[in-house]
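Colleague: need a 3D model of the sequence below.
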Amino acid sequence: MAEVSAPVAPPSGVARLLAAGGGLREHLDCFGPLPVGVDVAAAADAAGLRGRGGAAFPTAVKLAAVARRRRPIVVANGTEGEPLSAKDKTLLVTAPHLVLDGVVLAAGAVGALEAVVCVERAAPRVVAALDAALSERADPLPISIAETPSRYVVGEETALIHWLNGGDAKPTTVPPRPFERGVSGRPTLVQNVETLAHLALIARFGPSWFRSLGTAEDPGTALVTIGGGVESPGVYEVEQGSGLLATLRAAGLPDGPPPPVLVGGYFGTWLSPDAVAGAALGPTALRGAGASFGCGVLWALPPDACGLAETARVARWFAEQSAGQCGPCINGLPAIARALDAVVAGRSVPVALEHLERYAALVTGRGACHHPDGAARLVTSALAVFEGELRRHAGSGPCRASRRHVLPIPAAGGWR
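Modeller: The predicted structure follows:
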(Lines give C-alpha, C1' and ligand atoms only; values in the text may rest on other atoms or scores of the structure.)
Protein backbone atom coordinates (compact mmCIF):
# COMPACT_ATOMS: atom_id res chain seq x y z
CA MET A 1 0.00 0.00 0.00
CA ALA A 2 1.10 3.59 -0.53
CA GLU A 3 2.86 5.32 2.33
CA VAL A 4 1.12 8.23 4.05
CA SER A 5 2.61 11.67 3.49
CA ALA A 6 2.64 13.45 6.82
CA PRO A 7 2.41 17.21 7.35
CA VAL A 8 5.00 17.03 10.14
CA ALA A 9 8.13 14.97 10.59
CA PRO A 10 7.46 11.71 12.42
CA PRO A 11 9.08 11.10 15.79
CA SER A 12 12.63 9.92 15.18
CA GLY A 13 13.45 8.23 18.47
CA VAL A 14 12.01 5.41 20.51
CA ALA A 15 9.61 7.82 22.24
CA ARG A 16 6.68 7.77 19.84
CA LEU A 17 3.52 7.45 21.87
CA LEU A 18 5.03 9.61 24.57
CA ALA A 19 6.70 12.08 22.20
CA ALA A 20 4.17 14.85 22.79
CA GLY A 21 1.97 15.61 25.76
CA GLY A 22 -0.19 18.37 27.07
CA GLY A 23 -3.20 19.72 25.23
CA LEU A 24 -4.48 19.63 21.69
CA ARG A 25 -2.12 22.34 20.45
CA GLU A 26 0.98 20.46 21.60
CA HIS A 27 -0.45 17.25 20.15
CA LEU A 28 -1.02 18.80 16.71
CA ASP A 29 2.38 20.51 16.72
CA CYS A 30 4.04 17.13 17.33
CA PHE A 31 1.93 14.80 15.19
CA GLY A 32 -0.08 16.98 12.84
CA PRO A 33 -3.80 16.55 12.07
CA LEU A 34 -5.51 13.26 11.44
CA PRO A 35 -5.02 12.13 7.83
CA VAL A 36 -7.97 11.55 5.55
CA GLY A 37 -8.46 8.82 2.98
CA VAL A 38 -6.21 6.26 4.69
CA ASP A 39 -7.19 2.60 4.55
CA VAL A 40 -6.72 2.11 8.28
CA ALA A 41 -7.20 -1.67 8.29
CA ALA A 42 -4.71 -2.14 5.45
CA ALA A 43 -2.20 0.12 7.18
CA ALA A 44 -2.54 -1.84 10.44
CA ASP A 45 -2.07 -5.09 8.55
CA ALA A 46 1.01 -3.87 6.70
CA ALA A 47 2.47 -2.52 9.94
CA GLY A 48 1.96 -5.85 11.72
CA LEU A 49 0.18 -4.09 14.59
CA ARG A 50 -1.00 -6.42 17.33
CA GLY A 51 -3.14 -5.64 20.34
CA ARG A 52 -1.33 -4.27 23.37
CA GLY A 53 -3.92 -5.40 25.92
CA GLY A 54 -2.37 -8.79 26.53
CA ALA A 55 -3.53 -11.19 23.83
CA ALA A 56 -1.43 -9.67 20.99
CA PHE A 57 -4.22 -10.38 18.49
CA PRO A 58 -3.73 -8.85 15.01
CA THR A 59 -5.50 -5.49 14.94
CA ALA A 60 -6.39 -5.69 11.26
CA VAL A 61 -8.24 -8.98 11.81
CA LYS A 62 -10.36 -7.42 14.56
CA LEU A 63 -11.15 -4.42 12.38
CA ALA A 64 -12.18 -6.61 9.46
CA ALA A 65 -14.41 -8.82 11.63
CA VAL A 66 -16.43 -5.85 12.87
CA ALA A 67 -16.45 -3.92 9.58
CA ARG A 68 -18.49 -6.64 7.88
CA ARG A 69 -21.39 -6.12 10.29
CA ARG A 70 -24.26 -3.67 10.79
CA ARG A 71 -24.29 -0.70 13.21
CA PRO A 72 -21.05 -1.44 15.07
CA ILE A 73 -19.71 0.42 18.10
CA VAL A 74 -16.11 0.98 19.28
CA VAL A 75 -15.00 0.41 22.88
CA ALA A 76 -11.56 1.69 23.89
CA ASN A 77 -10.38 -0.42 26.81
CA GLY A 78 -8.30 1.53 29.31
CA THR A 79 -9.45 -0.26 32.45
CA GLU A 80 -6.03 -1.72 33.33
CA GLY A 81 -7.02 -4.05 36.15
CA GLU A 82 -3.50 -5.51 36.36
CA PRO A 83 -2.03 -4.17 39.65
CA LEU A 84 1.53 -4.00 38.33
CA SER A 85 0.65 -2.09 35.15
CA ALA A 86 0.42 1.67 34.75
CA LYS A 87 1.01 2.00 31.01
CA ASP A 88 -2.57 2.70 29.95
CA LYS A 89 -3.16 5.24 32.72
CA THR A 90 0.12 6.96 31.84
CA LEU A 91 -0.77 7.06 28.16
CA LEU A 92 -4.27 8.43 28.79
CA VAL A 93 -2.92 11.19 31.02
CA THR A 94 0.09 12.02 28.84
CA ALA A 95 -1.34 11.60 25.34
CA PRO A 96 -5.15 11.42 25.48
CA HIS A 97 -5.51 12.98 22.05
CA LEU A 98 -3.47 10.22 20.45
CA VAL A 99 -5.83 7.63 21.92
CA LEU A 100 -8.89 9.61 20.84
CA ASP A 101 -7.44 9.92 17.32
CA GLY A 102 -7.17 6.15 17.27
CA VAL A 103 -10.77 5.84 18.41
CA VAL A 104 -11.92 8.09 15.56
CA LEU A 105 -9.86 6.18 12.99
CA ALA A 106 -11.04 2.77 14.22
CA ALA A 107 -14.65 3.94 14.15
CA GLY A 108 -14.23 5.13 10.58
CA ALA A 109 -12.61 1.85 9.57
CA VAL A 110 -15.51 -0.27 10.85
CA GLY A 111 -18.34 2.18 10.12
CA ALA A 112 -19.18 2.91 13.76
CA LEU A 113 -21.13 6.05 14.64
CA GLU A 114 -20.47 5.87 18.39
CA ALA A 115 -17.56 5.09 20.72
CA VAL A 116 -16.94 4.61 24.44
CA VAL A 117 -13.66 4.96 26.34
CA CYS A 118 -13.62 2.77 29.47
CA VAL A 119 -11.42 3.67 32.44
CA GLU A 120 -11.49 2.78 36.12
CA ARG A 121 -13.55 5.09 38.28
CA ALA A 122 -10.75 4.77 40.86
CA ALA A 123 -8.45 6.73 38.49
CA PRO A 124 -9.86 10.29 38.66
CA ARG A 125 -6.74 11.79 37.11
CA VAL A 126 -7.29 9.71 33.98
CA VAL A 127 -10.97 10.63 33.81
CA ALA A 128 -10.08 14.32 34.17
CA ALA A 129 -7.48 14.12 31.38
CA LEU A 130 -9.99 12.51 29.03
CA ASP A 131 -12.69 15.03 29.93
CA ALA A 132 -10.29 17.88 29.22
CA ALA A 133 -9.17 16.36 25.92
CA LEU A 134 -12.72 15.77 24.71
CA SER A 135 -13.63 19.37 25.55
CA GLU A 136 -10.86 20.57 23.20
CA ARG A 137 -11.98 18.47 20.25
CA ALA A 138 -14.72 18.79 17.66
CA ASP A 139 -14.97 15.21 16.47
CA PRO A 140 -18.14 14.33 14.53
CA LEU A 141 -18.03 10.96 16.31
CA PRO A 142 -19.80 10.96 19.69
CA ILE A 143 -17.29 9.66 22.28
CA SER A 144 -18.36 9.03 25.85
CA ILE A 145 -16.42 8.00 28.96
CA ALA A 146 -17.52 5.02 31.06
CA GLU A 147 -16.04 4.68 34.56
CA THR A 148 -15.75 1.00 35.46
CA PRO A 149 -15.37 -0.78 38.80
CA SER A 150 -11.88 -1.82 39.88
CA ARG A 151 -11.79 -5.59 39.63
CA TYR A 152 -9.12 -7.71 37.99
CA VAL A 153 -11.39 -9.37 35.40
CA VAL A 154 -13.27 -6.19 34.41
CA GLY A 155 -10.86 -5.57 31.54
CA GLU A 156 -11.74 -8.92 29.94
CA GLU A 157 -13.77 -7.84 26.94
CA THR A 158 -16.91 -9.87 27.62
CA ALA A 159 -16.93 -8.64 31.25
CA LEU A 160 -16.58 -5.07 30.05
CA ILE A 161 -19.44 -5.45 27.58
CA HIS A 162 -21.64 -7.17 30.17
CA TRP A 163 -21.09 -4.21 32.50
CA LEU A 164 -21.77 -1.66 29.73
CA ASN A 165 -25.02 -3.51 29.11
CA GLY A 166 -26.07 -3.00 32.73
CA GLY A 167 -24.87 -6.28 34.23
CA ASP A 168 -22.14 -7.12 36.68
CA ALA A 169 -18.58 -6.72 35.40
CA LYS A 170 -18.06 -10.46 35.02
CA PRO A 171 -16.97 -12.47 31.98
CA THR A 172 -19.69 -14.17 29.97
CA THR A 173 -19.58 -17.31 27.90
CA VAL A 174 -18.77 -17.16 24.19
CA PRO A 175 -20.09 -17.36 21.53
CA PRO A 176 -21.42 -14.88 20.74
CA ARG A 177 -18.19 -12.93 20.70
CA PRO A 178 -18.14 -9.14 20.97
CA PHE A 179 -17.67 -8.65 17.24
CA GLU A 180 -20.89 -10.62 16.74
CA ARG A 181 -23.05 -9.20 19.53
CA GLY A 182 -21.70 -6.82 22.12
CA VAL A 183 -22.83 -3.47 23.52
CA SER A 184 -26.61 -3.16 23.16
CA GLY A 185 -26.52 -6.33 21.06
CA ARG A 186 -24.48 -4.58 18.36
CA PRO A 187 -21.19 -5.73 16.79
CA THR A 188 -18.47 -4.28 19.02
CA LEU A 189 -14.79 -3.57 18.43
CA VAL A 190 -12.91 -3.69 21.74
CA GLN A 191 -9.35 -2.38 21.49
CA ASN A 192 -6.78 -1.51 24.13
CA VAL A 193 -6.01 2.21 24.30
CA GLU A 194 -2.32 1.72 23.50
CA THR A 195 -3.28 -0.22 20.37
CA LEU A 196 -5.46 2.69 19.26
CA ALA A 197 -2.67 5.20 19.89
CA HIS A 198 -0.31 3.16 17.69
CA LEU A 199 -3.04 3.05 15.04
CA ALA A 200 -3.18 6.86 15.04
CA LEU A 201 0.56 7.06 14.39
CA ILE A 202 0.54 4.37 11.69
CA ALA A 203 -2.24 6.20 9.84
CA ARG A 204 -0.16 9.37 9.92
CA PHE A 205 3.33 8.10 9.20
CA GLY A 206 2.86 4.76 7.48
CA PRO A 207 3.63 1.09 8.07
CA SER A 208 7.28 1.36 7.02
CA TRP A 209 7.93 4.06 9.61
CA PHE A 210 6.26 1.89 12.27
CA ARG A 211 8.44 -1.07 11.25
CA SER A 212 11.63 1.00 11.30
CA LEU A 213 11.88 0.01 14.97
CA GLY A 214 11.43 -3.44 16.40
CA THR A 215 11.79 -6.75 14.60
CA ALA A 216 10.00 -8.32 11.66
CA GLU A 217 7.94 -10.48 14.04
CA ASP A 218 7.47 -7.83 16.75
CA PRO A 219 7.56 -4.44 15.01
CA GLY A 220 7.37 -1.01 16.57
CA THR A 221 7.57 0.13 20.15
CA ALA A 222 5.63 -0.84 23.25
CA LEU A 223 4.90 0.67 26.62
CA VAL A 224 6.22 -1.33 29.55
CA THR A 225 5.77 -0.84 33.28
CA ILE A 226 8.98 -1.66 35.14
CA GLY A 227 9.03 -2.18 38.89
CA GLY A 228 10.44 -4.18 41.76
CA GLY A 229 14.17 -4.08 42.44
CA VAL A 230 15.04 -1.14 40.16
CA GLU A 231 16.06 2.38 41.07
CA SER A 232 13.71 4.16 38.63
CA PRO A 233 10.41 2.28 38.40
CA GLY A 234 7.83 3.62 35.98
CA VAL A 235 6.44 3.43 32.45
CA TYR A 236 8.93 3.29 29.59
CA GLU A 237 8.48 3.19 25.83
CA VAL A 238 10.86 0.57 24.45
CA GLU A 239 11.74 -0.87 21.08
CA GLN A 240 10.39 -4.37 20.64
CA GLY A 241 13.24 -6.84 20.30
CA SER A 242 15.27 -5.02 22.98
CA GLY A 243 17.04 -7.21 25.48
CA LEU A 244 14.99 -7.76 28.63
CA LEU A 245 18.02 -7.39 30.89
CA ALA A 246 19.23 -4.24 29.11
CA THR A 247 15.77 -2.72 29.52
CA LEU A 248 15.85 -3.42 33.25
CA ARG A 249 19.37 -1.99 33.55
CA ALA A 250 18.13 1.22 31.88
CA ALA A 251 15.52 1.46 34.65
CA GLY A 252 18.19 1.12 37.32
CA LEU A 253 18.57 -2.59 37.93
CA PRO A 254 21.89 -2.92 39.79
CA ASP A 255 24.87 -4.55 38.11
CA GLY A 256 25.49 -8.20 38.79
CA PRO A 257 23.61 -11.39 38.05
CA PRO A 258 19.99 -10.73 37.08
CA PRO A 259 17.18 -11.61 39.47
CA PRO A 260 14.09 -13.64 38.63
CA VAL A 261 11.61 -11.41 36.78
CA LEU A 262 7.84 -11.56 36.60
CA VAL A 263 6.94 -10.87 32.96
CA GLY A 264 3.42 -9.93 31.90
CA GLY A 265 2.05 -9.14 35.34
CA TYR A 266 0.05 -11.42 37.60
CA PHE A 267 -1.37 -13.11 34.52
CA GLY A 268 2.18 -13.76 33.37
CA THR A 269 5.19 -15.92 34.10
CA TRP A 270 8.27 -15.89 36.30
CA LEU A 271 11.52 -16.12 34.33
CA SER A 272 14.70 -17.50 35.87
CA PRO A 273 17.88 -15.39 35.96
CA ASP A 274 19.34 -17.40 33.07
CA ALA A 275 16.18 -16.87 31.00
CA VAL A 276 16.17 -13.15 31.82
CA ALA A 277 19.76 -12.80 30.60
CA GLY A 278 18.89 -14.23 27.18
CA ALA A 279 15.34 -12.95 26.62
CA ALA A 280 14.17 -10.17 24.32
CA LEU A 281 10.97 -8.14 24.53
CA GLY A 282 7.96 -8.71 22.32
CA PRO A 283 5.17 -11.31 22.05
CA THR A 284 7.05 -13.57 19.64
CA ALA A 285 10.42 -13.24 21.34
CA LEU A 286 9.06 -13.96 24.81
CA ARG A 287 7.00 -16.88 23.59
CA GLY A 288 10.29 -18.51 22.68
CA ALA A 289 11.41 -18.04 26.30
CA GLY A 290 8.25 -19.69 27.61
CA ALA A 291 6.66 -16.40 28.66
CA SER A 292 4.09 -13.91 27.43
CA PHE A 293 4.55 -10.18 26.93
CA GLY A 294 1.00 -9.71 28.19
CA CYS A 295 0.31 -6.13 29.26
CA GLY A 296 4.00 -5.22 29.22
CA VAL A 297 4.97 -5.65 32.87
CA LEU A 298 8.56 -6.34 33.95
CA TRP A 299 8.88 -6.78 37.71
CA ALA A 300 12.32 -7.64 39.08
CA LEU A 301 12.31 -9.59 42.33
CA PRO A 302 14.18 -7.58 45.01
CA PRO A 303 17.07 -9.49 46.61
CA ASP A 304 15.43 -9.46 50.05
CA ALA A 305 12.05 -10.81 48.90
CA CYS A 306 10.79 -14.40 48.63
CA GLY A 307 9.38 -15.25 45.22
CA LEU A 308 7.41 -18.22 46.54
CA ALA A 309 5.76 -16.17 49.30
CA GLU A 310 4.94 -13.34 46.90
CA THR A 311 3.36 -15.78 44.45
CA ALA A 312 1.31 -17.28 47.27
CA ARG A 313 -0.07 -13.83 48.11
CA VAL A 314 -1.04 -13.30 44.47
CA ALA A 315 -2.64 -16.75 44.34
CA ARG A 316 -4.84 -15.85 47.31
CA TRP A 317 -5.80 -12.60 45.61
CA PHE A 318 -6.61 -14.44 42.38
CA ALA A 319 -9.04 -16.59 44.35
CA GLU A 320 -10.67 -13.48 45.82
CA GLN A 321 -10.96 -11.88 42.37
CA SER A 322 -12.89 -14.83 40.96
CA ALA A 323 -16.20 -13.97 39.32
CA GLY A 324 -17.63 -17.00 41.11
CA GLN A 325 -19.19 -18.45 37.98
CA CYS A 326 -17.51 -21.82 37.54
CA GLY A 327 -15.92 -24.66 39.48
CA PRO A 328 -12.30 -23.97 38.46
CA CYS A 329 -12.55 -20.52 40.06
CA ILE A 330 -14.85 -21.30 42.99
CA ASN A 331 -13.05 -24.46 44.08
CA GLY A 332 -9.80 -24.67 42.14
CA LEU A 333 -8.24 -21.28 42.87
CA PRO A 334 -8.72 -21.43 46.67
CA ALA A 335 -7.29 -24.97 46.61
CA ILE A 336 -4.24 -23.76 44.68
CA ALA A 337 -3.77 -20.88 47.13
CA ARG A 338 -4.02 -23.16 50.18
CA ALA A 339 -1.54 -25.65 48.75
CA LEU A 340 0.97 -22.93 47.91
CA ASP A 341 0.57 -21.46 51.39
CA ALA A 342 1.46 -24.89 52.76
CA VAL A 343 4.60 -24.98 50.61
CA VAL A 344 5.70 -21.54 51.86
CA ALA A 345 5.09 -22.62 55.46
CA GLY A 346 7.00 -25.87 54.93
CA ARG A 347 3.98 -28.01 55.85
CA SER A 348 3.73 -31.43 54.17
CA VAL A 349 5.50 -30.01 51.12
CA PRO A 350 5.54 -33.21 49.00
CA VAL A 351 1.77 -33.61 49.43
CA ALA A 352 1.16 -29.89 48.78
CA LEU A 353 3.23 -30.02 45.60
CA GLU A 354 1.29 -33.05 44.40
CA HIS A 355 -1.94 -31.14 45.02
CA LEU A 356 -0.63 -28.08 43.21
CA GLU A 357 0.28 -30.06 40.12
CA ARG A 358 -3.12 -31.73 40.06
CA TYR A 359 -5.14 -28.56 40.73
CA ALA A 360 -3.24 -26.55 38.11
CA ALA A 361 -3.97 -29.21 35.49
CA LEU A 362 -7.64 -29.39 36.51
CA VAL A 363 -8.37 -25.66 36.21
CA THR A 364 -6.39 -24.92 33.04
CA GLY A 365 -8.63 -24.44 30.02
CA ARG A 366 -11.80 -25.30 31.92
CA GLY A 367 -12.97 -21.98 33.31
CA ALA A 368 -15.75 -19.73 32.07
CA CYS A 369 -12.93 -17.29 31.27
CA HIS A 370 -9.12 -17.41 31.33
CA HIS A 371 -8.79 -16.23 34.94
CA PRO A 372 -7.94 -19.69 36.34
CA ASP A 373 -5.49 -20.27 33.48
CA GLY A 374 -3.48 -17.22 34.54
CA ALA A 375 -3.37 -18.31 38.17
CA ALA A 376 -2.21 -21.80 37.24
CA ARG A 377 0.44 -20.46 34.86
CA LEU A 378 1.85 -18.05 37.45
CA VAL A 379 2.07 -20.68 40.19
CA THR A 380 3.53 -23.33 37.89
CA SER A 381 6.26 -20.96 36.71
CA ALA A 382 7.09 -20.00 40.32
CA LEU A 383 7.57 -23.64 41.33
CA ALA A 384 10.04 -24.09 38.47
CA VAL A 385 11.97 -20.82 38.92
CA PHE A 386 12.14 -20.95 42.73
CA GLU A 387 13.02 -24.62 43.01
CA GLY A 388 15.93 -23.87 45.34
CA GLU A 389 13.76 -21.77 47.64
CA LEU A 390 11.16 -24.54 47.57
CA ARG A 391 13.69 -27.04 48.93
CA ARG A 392 14.72 -24.60 51.66
CA HIS A 393 11.11 -24.05 52.70
CA ALA A 394 10.55 -27.81 52.74
CA GLY A 395 13.50 -28.26 55.08
CA SER A 396 13.29 -25.18 57.29
CA GLY A 397 9.80 -23.71 56.97
CA PRO A 398 9.10 -20.07 56.09
CA CYS A 399 12.13 -17.91 55.42
CA ARG A 400 12.69 -14.46 56.88
CA ALA A 401 12.12 -12.86 53.47
CA SER A 402 8.65 -14.40 53.25
CA ARG A 403 7.50 -12.00 55.97
CA ARG A 404 8.26 -9.01 53.73
CA HIS A 405 5.47 -8.16 51.28
CA VAL A 406 6.49 -6.26 48.16
CA LEU A 407 3.99 -7.06 45.40
CA PRO A 408 0.93 -4.78 45.54
CA ILE A 409 -2.33 -6.54 46.37
CA PRO A 410 -5.31 -4.18 45.89
CA ALA A 411 -8.28 -4.15 48.21
CA ALA A 412 -11.33 -5.99 46.93
CA GLY A 413 -13.70 -3.83 44.89
CA GLY A 414 -17.32 -4.18 43.84
CA TRP A 415 -18.37 -5.86 40.62
CA ARG A 416 -20.58 -2.98 39.60
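
Colleague: low-confidence bits of the chain, can you list those?
Modeller: 1-7, 412-416 (pLDDT under 70).

Colleague: so where does L262 fall, helix or strand?
Modeller: strand 261-263 (DSSP states H and E).

Colleague: which residues are in contact with that strand?
Modeller: Residues from elsewhere that reach strand 261-263 (Cβ atoms under 8 Å, 6 or more residues apart in numbering): 84, 228, 244, 248, 268-271, 276, 279, 286, 291-294, 297-301. C-beta here means a position set from N, CA and C on the backbone, and glycine is covered the same way.

Colleague: could I have the buried ones of these as PyMOL selection syntax?
Modeller: A single PyMOL command is used to select the members of the contacts of strand 261-263 judged buried by 16 or more other Cβ atoms under 10 Å:
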select buried, resi 84+228+244+248+268+269+270+271+276+279+286+291+292+293+294+297+298+299+300+301
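
Colleague: out of the contacts of strand 261-263, which are inside helices?
Modeller: Among the contacts of strand 261-263, DSSP state H puts L244, L248, V276, L286 in helices.

Colleague: switch the residues you listed over to TSV; also include distance to A95.
Modeller: Putting the ones in helices among the contacts of strand 261-263 into TSV (distance: Cβ to Cβ, whole Å) gives the following:
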residue	distance to A95
L244	25
L248	24
V276	30
L286	25
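
Colleague: which member of these is positioned nearest A109?
Modeller: Taking Cβ to Cβ as the measure, A109 sits nearest to L286 out of these, at 28.8 Å.

Colleague: got a list of what the closest one touches?
Modeller: Contacts for L286 (Cβ under 8 Å, 6+ apart) come out as V263, G264, A279, A280, S292, F293.

Colleague: now do 10 Å
Modeller: 56, 218, 244, 263-264, 268-269, 271, 275, 279-280, 292-294 (Cβ atoms under 10 Å, 6 or more residues apart in numbering).

Colleague: pick out the most distant pair among these.
Modeller: Greatest spacing in the contacts of L286, by Cβ to Cβ: A56 and A275 (19.3 Å).

Colleague: can you pull the contacts of the nearest residue in space to L248 that is not next to it in sequence?
Modeller: Among residues not flanking L248 along the chain, A300 sits closest, at 5.7 Å (Cβ to Cβ, 6 or more residues apart in numbering). Counting by Cβ under 10 Å, 6+ apart, A300 makes contact with 226-230, 233, 245, 248, 251-254, 258-262, 276.

Colleague: equivalent analysis for A323, please.
Modeller: By Cβ under 10 Å, 6+ apart, the residues touching A323 are 151-154, 156, 159, 168-172, 329-330, 367-369, 371, 415.

Colleague: now, which of those lie within helices?
Modeller: When DSSP H is applied, the contacts of A323 are split such that A159, H371 fall in helices.

Colleague: mind checking which of the contacts of A323 are buried?
Modeller: Of those, these count as buried by 16+ other Cβ under 10 Å: 151-154, 156, 159, 168-172, 329, 367-369, 371, 415.

Colleague: which of those fall in strands?
Modeller: Judged by DSSP state E, strands contain none of these.

Colleague: what segments of the stretch 301-416 of the chain are helices?
Modeller: 307-320, 327, 333-345, 349-363, 371-385, 387-396 (DSSP state H, counting those that start in this stretch).

Colleague: just put these in TSV and tack on distance to R211.
Modeller: Formatted as TSV, those follow (distance: least, Cβ to Cβ, whole Å):
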stretch	distance to R211
helix 307-320	36
helix 327	45
helix 333-345	41
helix 349-363	38
helix 371-385	31
helix 387-396	40
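
Colleague: and the ones you listed: which comes nearest K89?
Modeller: Closest approach to K89 among these (Cβ to Cβ): helix 307-320, 19.8 Å.

Colleague: for that closest one, name the packing helices and strands.
Modeller: Contact partners of helix 307-320 among helices and strands, from 3 or more Cβ pairs under 10 Å, 6 or more residues apart in numbering; DSSP states H and E: strand 261-263, strand 269-271, helix 333-345, helix 371-385, helix 387-396.

Colleague: which of the residues in it are buried?
Modeller: 307-319.

Colleague: what does stretch 212-220 give?
Modeller: Going by neighbour count (16+ other Cβ under 10 Å), the buried part of stretch 212-220 is L213, G214, T215, D218, P219, G220.

Colleague: any idea how far L49 is from L98?
Modeller: 14 Å (Cβ to Cβ, to the nearest Å).

Colleague: and for V110?
Modeller: 19 Å.

Colleague: related to what we said a few turns ago, how far does the strand holding L262 sit from the chain's center?
Modeller: The chain centroid and the centroid of strand 261-263 are separated by 14 Å, computed with Cα atoms, centre = their mean, to the nearest Å.

Colleague: neighbours of the nearest residue to P178 once chain neighbours are set aside, how many?
Modeller: Counting by Cβ to Cβ, 6+ apart, T188 is the residue found nearest to P178 once chain neighbours are left out, at 4.4 Å. By other Cβ atoms under 10 Å, 26 other residues sit near T188.

Colleague: what's T188 in contact with, if anything?
Modeller: Applying Cβ under 10 Å, 6+ apart, we find T188 in contact with 66, 69, 72-75, 110, 112, 116, 157, 160-161, 164, 177-182.

Colleague: switch the cut-off to 7 Å
Modeller: Contact partners of T188, counting by Cβ atoms under 7 Å, 6 or more residues apart in numbering, are P72, I73, V75, I161, P178, F179, G182.

Colleague: show me the contacts for the nearest residue to the first one once chain neighbours are set aside.
Modeller: What sits nearest to P72 in space, not counting adjacent residues and going by Cβ to Cβ, 6+ apart, is P187, at 4.2 Å. With contact taken as Cβ under 7 Å, 6+ apart, P187 is in contact with V66, R69, P72, F179, E180.

Colleague: would you confirm that A41 contacts A64?
Modeller: Yes: here A41 reaches A64: they are 5.9 Å apart, a contact under Cβ atoms under 7 Å.

Colleague: so those two - more neighbours on which side?
Modeller: Set side by side, A41 and A64 show more neighbours around A41, with 21 against 17, by other Cβ under 10 Å.

Colleague: distance of the more buried one from P207?
Modeller: To P207, A41 is 12 Å away according to Cβ to Cβ.

Colleague: so where does H27 fall, helix or strand?
Modeller: Applying DSSP H and E as the criterion places H27 in helix 24-31.

Colleague: quick check: buried residues in stretch 349-359?
Modeller: For stretch 349-359, burial by neighbour count (16+ other Cβ under 10 Å) applies to V349, A352, L353, H355, L356, Y359.
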